[in-house]
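Colleague: I would like to see how this sequence folds:
(2 chains)
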Amino acid sequence: MTHLDTLEAEAIYIMREVAAECERPVMLYSIGKDSSVMLHLALKAFYPEKPPFPFMHIDTTWKFREMIQFRDKTAREKGIEMLVYTNEDGVRQGINPFDHGSSYTDIMKTQALKQALSRYGFTAAFGGGRRDEEKSRAKERIFSFRNESHGWDPKNQRPEMWKLYNTRIHKGESIRVFPLSNWTEKDIWQYIRQEDIEIVPLYFAAERPCVERDGQLIMTDDDRMRLLPGEKPEIRKIRFRTLGCYPLTGGFESDAETIDDVIAETLSAVESERTTRVIDSDSGEGSMERRKKEGYF
Amino acid sequence: MKDLLRFITCGSVDDGKSTLIGHILYSSKLLYADQEKALALESKVGSRGGKLDYSLLLDGLTEEREQGITIDAAYRYFTTDLRSFIVADTPGHEEYTRNMAVGASNAELAVILVDAQQGVLLQTKRHARICAIMGIKYFVFAVNKMDLVNYDEEVFIHITEGINALQRELNLHNVKVIPVSATEGDNVAQKSPNMNWYHGETLLSYLENIDVRDYAEEKGFYLPVQRVCRPDHSFRGFQGQAECGQISIGDEVTALPKGEKAHIRNIFIGDREAQTLSAGQAATLQLDREIDVSRGSVLEKDSGLKAANSVTATLIWLDDTPLNNGGSFFVKLGTNLIPGIVVKILHKTDINTGGHINADTVEKNEIALCRISFTDRITADRFSRHKTMGELILIDRVTFMTSACGVIERCGHDEGLSENRITEKTRSAAMGQRAVTVIFRREDGFTLSQLEKAEKRLILGGRHTYLLEAGTIQQETLREIIAHLNRAGLVVLLLAGNDGARSQASDNDTRTIIYSKKKKDEESIVDFVKNVSSYDYDISEKALYI
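Modeller: Residues are numbered from 1 along each chain as shown, chains lettered A, B, ... in the order given. The predicted structure follows:
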């Protein structure tokens, strides 16, 4: 078996264990490339049955328009149940990425996720996190426990032996499950090519309106984008390495229009993936770990 | 396409594990520029006085950076021209041994670091022993910090002798010893000009070329069923991962533990139809006739696998709460999750000498050979014969903590806890307690609210109880109710008057006890009830084997 076959079989095994042992699982769907891979694996894992759990997207209302179109089309074509949850309190208070900085992420993503999980009573949630993304993720178990307030205790993780996953939890507790834990960014791209998986077109280079801000190219996806004095959107050929809320996601100039181009570019990349996420560099070293303790996925 | 090698680094504290892996990543140009920049910045305030501190690449938790130690296993991924690697960098402190064992459980090879200044330490032995127990067959001993002993060959030869002794003692399958300096990079990715006396491979080159597959041959085919796939009435498929061997359409398989046979009608690997299924692949199998198969069943062919209801296993204890004889757990083995009891701790193993120590309790990070009985017959085998069927974990029934992991040395096909009929004994064993009735007399001053409080504490402590007040129920009826509750495996707390108490406890029934201790506080009640209802091994032994 090739390296990708091994990773695929491992992810499928994990998904089947969750479906068999957990009371009420959900698969978080962020519309990104990792989510596309996870969805593809879930369709394979249970075939010919549809995945025996719903999918859920936490919508901050600031995603790229192309992402939302892709989400709705995917749910329709694959015939899966797609729940969409937004923190309406946050919307009413006018929380936005321009004025509220890191509390925007907390309210519209972390709090929204906690609300949604509690409201639907999900006991296990699949996430697309990978251990190669960030140093505190590199330490996280595949089955990662969360207390009643969805917090993570990195110092006291349950031992995880072989593939004997312990899914027992008390009422109110939940598990985050990361079937792609052992995949790298390169594995994801190579698997997308091997399996011909459809992904949001924003990953491929195209001419898009954007402004340059703090060394990053921010796409002016709709007219809610606030321009600073002197900023004027210009058309540049850009693409994105990760996708999130458009005002917080940096693109970069590229000519990679096909999956092969993207893989070639990724293999020679000199910056790691998360540098294009504005939120990570927000409060310095250890910030991801802190957010995770508080319940960020 | 390249294959994948999963390995771990382990060894004692400060032997330089994280630094070694950090150096491999660094010198193989496997870091992204921003990570390299962050590393240079952080090293300025680190313990290496401004020189690059490679361990900072791996110790990702705030606490680890603050204390300068590794607490939990970190996983790193890298690819060279020859191979893809997943490496688990594991903690060296004895306190975090369980996190080291986690890393070992999924590794094919272990790189054990030995400090050239110190030689083989107790912690080196502990780690080597745990790796061997967890089934690792390939070992590289990297004798590190050679720069601090002037790259002296004599030192290396002396340490190699100690490692050879350890190899003989633990019966390690395949051992390689390499002299390195993780901070300076000698023999890590590049051959060292400082040790011309060493003619072997560098560490990285050894890892790229070692073939770890030859040892993995297991007999026959088997697939533990994870779930039954039933999208509609016309389709019934069994989903799981093939653990060894292969099978094709038309082959006959046996469904364990029942033993019914059927032929393979269809094979899906993922969503694609296939003729043949091989080890490692995730599949959905359709059979040509309806037989009894569910989660926990094993589909097998020529594997020699059997059902067992008790096993003898080497356990590594992982929980802060120690193990006692008679401890009751959920056992996860393959895709089965069933109640089981550690009937007897046979002996502990001395980490240093490998000698046997008699013991009634096993503490965190200790190793012990134990006999475990299950409440039902499940498919199991020796770890050395069919690995997946020989791995198990014990889950605490109250906290749900993973209390231990273990590998099976022997399988028992005796009566175990399972019988044809479910009896009081079986229920009692499943609940991990002795079903007794304790009577509290109103004349002694006991009240319902006091017993309610005591019951709450008993339940939180893992007992299954039922509190009953005698009230107006006729003595005959009451006796029957209590008998039923006890037969159900429950501990009954009965509040009754003098007459009632005498009437219930009159028949020479050792199961009914009147509380007659002087101390009448909640604490004493709880201790007493716990004591008389404990499923200690003497009772279980008699119940099970006599």
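
Colleague: Going along the chain, name the strands of the stretch 1-150 of chain A.
Modeller: With DSSP state E, counting those that start in this stretch, the ranges of strands along the stretch 1-150 of chain A come out as A:25-28, A:55-58, A:82-85, A:124-126, A:143-146.

Colleague: Partner strands of the last one and their direction?
Modeller: In this case it means strand A:143-146. strand A:174-177 (antiparallel) (DSSP bridges).

Colleague: Run the chain-centre distance for the partner strand.
Modeller: Mean-position distance between strand A:174-177 and its chain equals 15 Å (Cα atoms, centre = their mean, to the nearest Å).

Colleague: tell me which parts of the stretch 301-450 of chain B are close to chain A?
Modeller: B:318, B:330, B:332-333, B:335, B:337, B:388, B:391-393, B:395, B:400-402, B:405 (Cβ under 8 Å from any Cβ of the partner chain). Glycine gets a C-beta too; all of them are placed from N, C-alpha and C.

Colleague: Pull up the gap between the closest residue to chain B within the stretch 1-150 of chain A and B:Arg6, please.
Modeller: Proximity of the stretch 1-150 of chain A to chain B (Cβ to the nearest Cβ) peaks at A:Lys135, 2.8 Å away. Distance from A:Lys135 to B:Arg6, counting by Cβ to Cβ, to the nearest Å: 20 Å.

Colleague: Give me the more crowded residue out of these two.
Modeller: Neighbours were counted for A:Lys135 and for B:Arg6 using other Cβ atoms under 10 Å in any protein chain shown; A:Lys135 has more, 23 against 18.

Colleague: any idea of the pLDDT on the more buried one?
Modeller: pLDDT, A:Lys135: 71.

Colleague: and what of B:Thr423?
Modeller: pLDDT recorded at B:Thr423 is 68.

Colleague: hang on, the earlier thing: touching, the residue of the stretch 1-150 of chain A closest to chain B and B:Arg76? I think so.
Modeller: No. Taking contacts as Cβ atoms under 8 Å, A:Lys135 lies outside contact range of B:Arg76: 9.8 Å.

Colleague: Flag the shaky bits of the stretch 151-297 of chain A, pLDDT-wise.
Modeller: Applying pLDDT under 70 to the stretch 151-297 of chain A flags residues A:269-297.

Colleague: ok, now the stretch 101-250 of chain B?
Modeller: Scanning the stretch 101-250 of chain B for pLDDT under 70 picks out B:214-216.

Colleague: just chain B next, same as before
Modeller: Scanning chain B for pLDDT under 70 picks out B:1, B:27-71, B:214-216, B:413-423, B:425, B:506-509, B:535-546.

Colleague: Just the helices from the stretch 1-150 of chain A, written as ranges.
Modeller: For the stretch 1-150 of chain A, helices defined by DSSP state H, counting those that start in this stretch occupy the ranges A:3-21, A:33-46, A:65-78, A:88-92, A:101-105, A:112-120.

Colleague: how much space between A:Pro247 and chain B?
Modeller: Distance, A:Pro247 to chain B, using Cβ to the nearest Cβ, to the nearest Å: 22 Å.

Colleague: Ignore what I typed, I meant A:Trp152.
Modeller: From A:Trp152 to chain B the distance is 11 Å (Cβ to the nearest Cβ).

Colleague: SS state for that residue?
Modeller: coil (DSSP: H, G, I helix; E, B strand; the rest coil).

Colleague: count of neighbours near B:Thr447?
Modeller: B:Thr447 has 11 neighbours, counted by other Cβ under 10 Å.

Colleague: which one is it nearest to, not counting chain neighbours?
Modeller: Take B:Thr447 and drop its neighbours on the chain: the residue closest to it by Cβ to Cβ, 6 or more residues apart in numbering or on different chains is B:Leu495, 7.9 Å away.

Colleague: Contact partners for the one you found?
Modeller: Residues near B:Leu495 by Cβ atoms under 8 Å, 6 or more residues apart in numbering or on different chains: B:440, B:442, B:446-448, B:451, B:467-470.

Colleague: Go ahead and build a ChimeraX selection from the buried members of the residues you listed.
Modeller: Under the burial definition 16 or more other Cβ atoms under 10 Å in any protein chain shown, those of the contacts of B:Leu495 that qualify are selected in ChimeraX by:
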select /B:440,442,446,451,467,468,470
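
Colleague: outside of stretch B:293-302, which residues touch it?
Modeller: Residues contacting stretch B:293-302 (Cβ under 8 Å, 6+ apart): A:20, B:219-228, B:238, B:240, B:245, B:247, B:251-258, B:285, B:287, B:305, B:334-337, B:378-379, B:389.

Colleague: mind listing which of the residues you listed are in helices?
Modeller: Counted as lying in helices by DSSP state H, out of the contacts of stretch B:293-302, are A:Ala20.

Colleague: Give the buried subset of the contacts of stretch B:293-302 as a ChimeraX selection command.
Modeller: Buried subset of the contacts of stretch B:293-302, written as a ChimeraX selection, criterion 16+ other Cβ under 10 Å:
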select /A:20 /B:220,221,222,223,224,225,226,227,228,238,240,245,247,253,254,255,256,257,285,287,305,334,335,336,337,378,379,389
